[in-house]
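Enquirer: Next come a sequence and a model predicted from it.
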Amino acid sequence: MPEANTLKSVRLAVAQTPAREDPRDVDALRESGRQVRALMREASARDARIVHFPEGAICFPNKLIMSVDGPDTVGPADWDRYQWAVAQAELAAIAELARELRLWTVIAAVHRLTEPNRPHNSLYVLSDRGEVVTRYDERLLSNTKVSYMYSPGLAPVTFDLQGMRFGCLLGIEIHYPELFAEYETLDVDCVLFSTTGVSPGNAAVQAQGHAASNSYWVSFSVPTQHGATAPSGVIAPNGDWLGRCPADGSPSVAVVDLDDRSEAAAESVVYARPWRRKSRGGIYTGHQVADQRSEDRTAAF
């Protein structure tokens, strides 16, 4: 078990909300903000310290709706179609509620850049003071996203809360194990992964693999549209699900404790992760031997 002075514990809520795809629809953007705030209140009532939302929590702009060559052909996105003022007002209200509830909030949104640059697809990290403490921008974008819609991000992002370090990933980045391995080298305890749908059932299995192979927690947040097949949830460092939202497609949160002392975490965090690091550091060199039967790959039994 971990030493008493190194024990870490955070109560995390992971959410699933509807992904609305038309950024011209003011009422839909406002409803997204209302739904996010309702789940923030639920998470707070269940004593969560941080809540994590899926990609598209405010809006996931549809590539055909945004296309200058649409509505039947994908082309460069016309970002003038996005109701920026409305979306930013909803984000401001979310930040204010984070301050009121004293609740850290990780919320996905489009981050506007200086024209003519395309925006980022991002995760904002809001502290319990309602302040943006950092922002993660999706780096490994899909072909459509990078060709027509977004500018890719540049770097991993981490932040600390109650002694635990969190990292952020987004979109299709579940398919890139090197990004999850990168966060292991950055001493991350939990990766917050938000997506709208990259074959969610398959993505959920991949998330379990990333959690187990890196011995950290993974928070897996998807829209309600995928709730029946792959609801949002949190995976322990041993690859087991700690908790999941209902599989009925309802807007909801699952609340779990990320705790070094838990049975699901102790062996992975205390033993497996340090050993993997040690084994990658060259400890085998002194045990390797120069032997003719070792060098001869065709040696008989």
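Expert: The structure has been received and is ready for your questions. Since the structure is predicted, the reported quantities are computational estimates derived from the model, not experimental observations.

Enquirer: need the strands for the stretch 1-150 of the chain, in chain order.
Expert: For the stretch 1-150 of the chain, the strands defined by DSSP state E, counting those that start in this stretch cover 9-16, 50-52, 104-111, 120-126, 132-137.

Enquirer: Redo the ones you listed as a markdown table? Include distance to residue 167, mean pLDDT and mean neighbour count.
Expert: Quick note: C-beta positions are derived from backbone N, CA and C, even for glycine. Putting the strands of the stretch 1-150 of the chain into a markdown table (distance: least, Cβ to Cβ, whole Å; pLDDT from 0 to 100; neighbours: other Cβ atoms under 10 Å) gives the following:
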| stretch | distance to residue 167 | mean pLDDT | mean neighbour count |
| --- | --- | --- | --- |
| strand 9-16 | 13 | 96 | 26 |
| strand 50-52 | 12 | 98 | 29 |
| strand 104-111 | 11 | 97 | 25 |
| strand 120-126 | 10 | 98 | 25 |
| strand 132-137 | 8 | 98 | 18 |
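
Enquirer: Now tabulate the ones you listed in JSON lines and tack on distance to residue 241.
Expert: Output for those, formatted as JSON lines (distance: least, Cβ to Cβ, whole Å):
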{"stretch": "strand 9-16", "distance to residue 241": "11"}
{"stretch": "strand 50-52", "distance to residue 241": "15"}
{"stretch": "strand 104-111", "distance to residue 241": "20"}
{"stretch": "strand 120-126", "distance to residue 241": "22"}
{"stretch": "strand 132-137", "distance to residue 241": "24"}
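
Enquirer: Out of these, flag the one nearest residue 217.
Expert: With respect to residue 217, and counting by Cβ to Cβ, the nearest of these is strand 9-16 at 7.9 Å.

Enquirer: hey, C-alpha coordinates of stretch 228-242 in CSV?
Expert: Presented in CSV, the C-alpha positions along stretch 228-242 are these (Å, rounded to 0.1, in the frame of the first residue of the first chain):
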residue,chain,number,x,y,z
ALA,A,228,-27.0,2.4,-24.8
THR,A,229,-23.8,0.8,-26.1
ALA,A,230,-21.0,2.6,-24.3
PRO,A,231,-22.1,4.9,-21.5
SER,A,232,-19.7,7.3,-19.8
GLY,A,233,-17.8,5.9,-16.9
VAL,A,234,-14.5,5.8,-15.0
ILE,A,235,-11.9,3.0,-15.4
ALA,A,236,-9.6,1.9,-12.6
PRO,A,237,-5.8,1.5,-13.0
ASN,A,238,-6.4,-2.3,-13.3
GLY,A,239,-8.7,-1.8,-16.3
ASP,A,240,-12.0,-2.5,-14.5
TRP,A,241,-15.0,-0.1,-14.6
LEU,A,242,-15.4,1.7,-11.3
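
Enquirer: Let me see the ranges of the helices in the stretch 1-150 of the chain.
Expert: Remark: helices assigned in the stretch 1-150 of the chain by DSSP state H, counting those that start in this stretch are 26-45, 63-66, 84-101, 143-144.

Enquirer: so which of the ones you listed gets nearest residue 273?
Expert: Of the helices of the stretch 1-150 of the chain, nearest to residue 273 by Cβ to Cβ is helix 26-45, at 28.1 Å.

Enquirer: Just want the angle from that closest one to helix 84-101.
Expert: Compare the direction of helix 26-45 with that of helix 84-101 by axes from the mean of the first three to the mean of the last three Cα atoms, to 10 degrees and you get 10 degrees.

Enquirer: For the helices of the stretch 1-150 of the chain, give me TSV that also has distance to residue 277.
Expert: Listed next are the helices of the stretch 1-150 of the chain as TSV, based on distance: least, Cβ to Cβ, whole Å:
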stretch	distance to residue 277
helix 26-45	33
helix 63-66	41
helix 84-101	35
helix 143-144	35
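
Enquirer: wait, which of these is closest to residue 176?
Expert: helix 143-144 (14.4 Å).

Enquirer: Next, the buried residues of the very next helix or strand once past that closest one.
Expert: Using DSSP states H and E, the next helix or strand after helix 143-144 towards the C-terminus is strand 158-161. For strand 158-161, burial by neighbour count (16 or more other Cβ atoms under 10 Å) applies to 158-159, 161.
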